[in-house]
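**Student:** coords please:
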Amino acid sequence: MKKVRASVPAKVILFGEHFVVYGTRALATAIDRRLTVDVTARAKSGYHVTIENIPTFGLELDLEARKGADQTIQPYKDYGSAAQALSYVTGAIEYLEERYGIGDEGVHVAITSGIPLSAGLGSSAATCVATVAALTEYFGVRNDLERIRSDAHAVELRVQGAASPIDTAIATHGGYVLVEQGAVQHVQLPELRLLVGCMGSISLSMDTAKAGDLSLKTKALIAGVRARKEQFPAFFEAVCNAAEELTTEAIQALEADDAVKLGTLLNSNHGLLDAIGVVPRRLSSLVKSAQSLGALGAKVTGAGGSDELGGIGSVLVLPGRHEEQIRAAMELEGALVMPVRTGGEGLKVETSG
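**Tutor:** Prediction:
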C-alpha cells in the first residue's frame, strides 16, 4: 500500500517580531519539534482524517456535503480544538482540488504533532506545508520546495485571512531566516540550545480556539501596537531603531558564538516588546523567573499576548548552566517547557509501498 509521509519543523522568532511590520528586520529559526502528515489509501471514497491527541471520532471529511452556497467547505464548529487543525487540512484539500485537480479516491490523512497549538510556534503553517507536501506527492503532482511553500502560504491565507511568510518559509526550508519588508533571506548560523515555555492553550486539547479566533487575537495585538505607534510616534520610531540594532548585533553574536552577549540582547528585545504592550503578566512572570535563576537571556517570542486576550503564548530562554532549575521553575508556573535546538532541517518527504 502506498504511503507518503511529510514532516516539518516548528519555528521561533528570536528577534524583531512586531517591529518587522514597520520595516525592521526579524530573525527566526526552525526548532526540533516536528509535525508529521501521513497519507495512505483507504477502501471508502473521500477523505478520512485523524489527529493525534485531538479526538476527531473517526471524522470523515465529505467535501461535497460540507460545501455551502459559495462552494467553500464549511468550518467544523462542533469539534472543539479539532476545528483548528481540520480547518487547515480541509483548506489544503480544497485548494489542491482547485489548483491541481487532485483525485477524490479514498485517502486517509493522519497528523501527528509535537508542536503545541496557540503558542506562536508555527503550528498552522506546519500543518499547511506538511499537508500540501504529502497530498501533492501522493497524487503525483510535481512540486518543488518553493512551490510547496507558496501553496501552503496560500492555504494559510485562505483559512486565516492573514499569514506571515516567516512560518511557511521555516516549515519548508528549515534553518534560520532573516525577514525584511516581506522578503525572506536564508542565513547560515550556528545551532543554539534553548528552552521554550508555552502558556495558555498549550496542548492539543478540546478547549483550544479555532483558527479564526486565533487570527483575530493576533490582529488585535497588531492593532494595539499600531495604536501605540500613532499615539507616540517619536517613541515608537526610537524603539524600532533599537529593535533593528538588536537584530544586527544578534547575528554578530551568533556568528561569534558569544552566548553572554546573545543573552543580553534577548533580554533587551523582551524589554522592547514589553514597552509596546505585547507581554502579558503570565509570560512576564516566566521571563523573570528564568532571569532570576541565572538564564543568560529570556524573552517572549512570536505575537506575544495581552491579559485581556488570555495571556497565552510562549517565551524562549537561553538557559546557560542553569537549565534544570529554570525548567522546574517554569513548570511550577504552569508552563509546558520544551528543550529545543535551533536551525534544524526543513520539510522531509518519504514515499513507500
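
**Student:** Test my guess that residue 184 contacts residue 167.
**Tutor:** No: using Cβ atoms under 8 Å, residue 184 is not in contact with residue 167; the gap is 10.5 Å. No exception for glycine: its C-beta is placed from N, CA and C like everyone else's.

**Student:** Between these two, tell me which one has more neighbours.
**Tutor:** Legend: neighbour count by other Cβ atoms under 10 Å for residue 184 and residue 167, higher for residue 167 (27 against 18).

**Student:** Surely that one is within a helix?
**Tutor:** Yes: counting by DSSP: H, G, I helix; E, B strand; the rest coil, residue 167 is part of a helix.

**Student:** Can you classify the residue lying closest to it once chain neighbours are set aside by secondary structure?
**Tutor:** Leaving aside its sequence neighbours, residue 167 sits nearest to residue 125 (Cβ to Cβ, 6 or more residues apart in numbering; 3.3 Å). Of the three states, residue 125 takes helix under three-state DSSP.

**Student:** Quick check: residue 125 touching residue 168?
**Tutor:** Yes: Residue 125 is within contact range of residue 168, at 4.6 Å (criterion: Cβ under 8 Å).

**Student:** tell me, what's touching these two both at once?
**Tutor:** Common contact partners of residue 125 and residue 168 (Cβ atoms under 8 Å, 6 or more residues apart in numbering): 152-153, 156.

**Student:** Which strands or helices does the strand or helix carrying residue 129 pack on?
**Tutor:** Residue 129 is part of helix 123-138 when elements are defined by DSSP states H and E. Other elements packing on helix 123-138 under the criterion 3 or more Cβ pairs under 8 Å, 6 or more residues apart in numbering; DSSP states H and E are strand 3-15, strand 26-41, helix 82-100, strand 107-113, helix 145-160, helix 165-173, strand 348-352.

**Student:** centre of the chain versus that helix, how much separation?
**Tutor:** From the chain centre to the centre of helix 123-138 is a distance of 14 Å (Cα atoms, centre = their mean, to the nearest Å).

**Student:** Next, the angle helix 82-100 makes with that helix.
**Tutor:** Interaxial angle, helix 123-138 versus helix 82-100 (axes from the mean of the first three to the mean of the last three Cα atoms, to 10 degrees): 40 degrees.

**Student:** Looking at helix 123-138 now, give me its mean pLDDT.
**Tutor:** For helix 123-138, the mean pLDDT works out to 96.

**Student:** quick one, it and strand 107-113 angle?
**Tutor:** Angle, helix 123-138 to strand 107-113, by the same axes, to 10 degrees: 140 degrees.

**Student:** any idea which of the shared contacts of residue 125 and residue 168 has the most stuff around it?
**Tutor:** Neighbour counts for these peak at residue 152, which has 32 neighbours (criterion: other Cβ under 10 Å).

**Student:** gap between that one and residue 245?
**Tutor:** According to Cβ to Cβ, to the nearest Å, residue 152 and residue 245 sit 33 Å apart.

**Student:** so for stretch 8-25, what's the average pLDDT?
**Tutor:** On average, stretch 8-25 scores 94.

**Student:** And stretch 326-333, by the same measure?
**Tutor:** Model confidence over stretch 326-333, given as mean pLDDT, is 96.

**Student:** Low-confidence ranges, the chain, go.
**Tutor:** 53-83, 104, 200-216, 309-312 (pLDDT under 70).

**Student:** How is it partitioned into domains?
**Tutor:** Per automatic domain parsing, the domain ranges recorded for the chain read 3-191+343-352, 193-341.

**Student:** Heading C-terminal from the longest helix along the chain, find the next helix or strand.
**Tutor:** Among the segments of the chain that qualify as a helix by DSSP state H, the longest is helix 233-255. Counting by DSSP H and E, the next helix or strand C-terminal to helix 233-255 is helix 259-275.

**Student:** residues making contact with whatever helix or strand comes next after that following helix?
**Tutor:** Heading C-terminal from helix 259-275, the first helix or strand you meet, by DSSP H and E, is helix 281-292. Residues from elsewhere that reach helix 281-292 (Cβ under 8 Å, 6+ apart): 195, 197, 199-200, 267, 270, 274, 279, 297-300, 304-305, 307, 311-315, 317, 319, 326, 329-330, 333-335.

**Student:** Quick one: mark the members of the residues you listed that sit in helices.
**Tutor:** 267, 270, 274, 326, 329-330.

**Student:** Look up how far residue 256 lies from the nearest residue to residue 184 once chain neighbours are set aside.
**Tutor:** Leaving aside its chain neighbours, residue 184 sits nearest to residue 169 (4.6 Å; criterion: Cβ to Cβ, 6+ apart). From residue 169 across to residue 256, the span is 25 Å (Cβ to Cβ).

**Student:** Neighbour count: the two, which is higher?
**Tutor:** Taking other Cβ under 10 Å, residue 169 and residue 256 do not tie; residue 169 has more neighbours (27 against 11).

**Student:** Can you give me every residue that contacts that one?
**Tutor:** Counting by Cβ under 8 Å, 6+ apart, residue 169 touches 149, 177, 184, 186.

**Student:** And residue 43, by the same measure?
**Tutor:** residue 106.

**Student:** got the phi/psi numbers for the residue most central in space within the chain?
**Tutor:** Against the mean C-alpha coordinate of the chain, by Cα atoms, centre = their mean, the closest residue is residue 122 at 0.8 Å. Dihedral pair for residue 122: phi 80, psi 30, per degrees, to the nearest 10.

**Student:** residues contacting it?
**Tutor:** Counting by Cβ under 8 Å, 6+ apart, residue 122 touches 10-11, 115, 167, 170-171.

**Student:** Before I go, just wanted to say thanks for your time.
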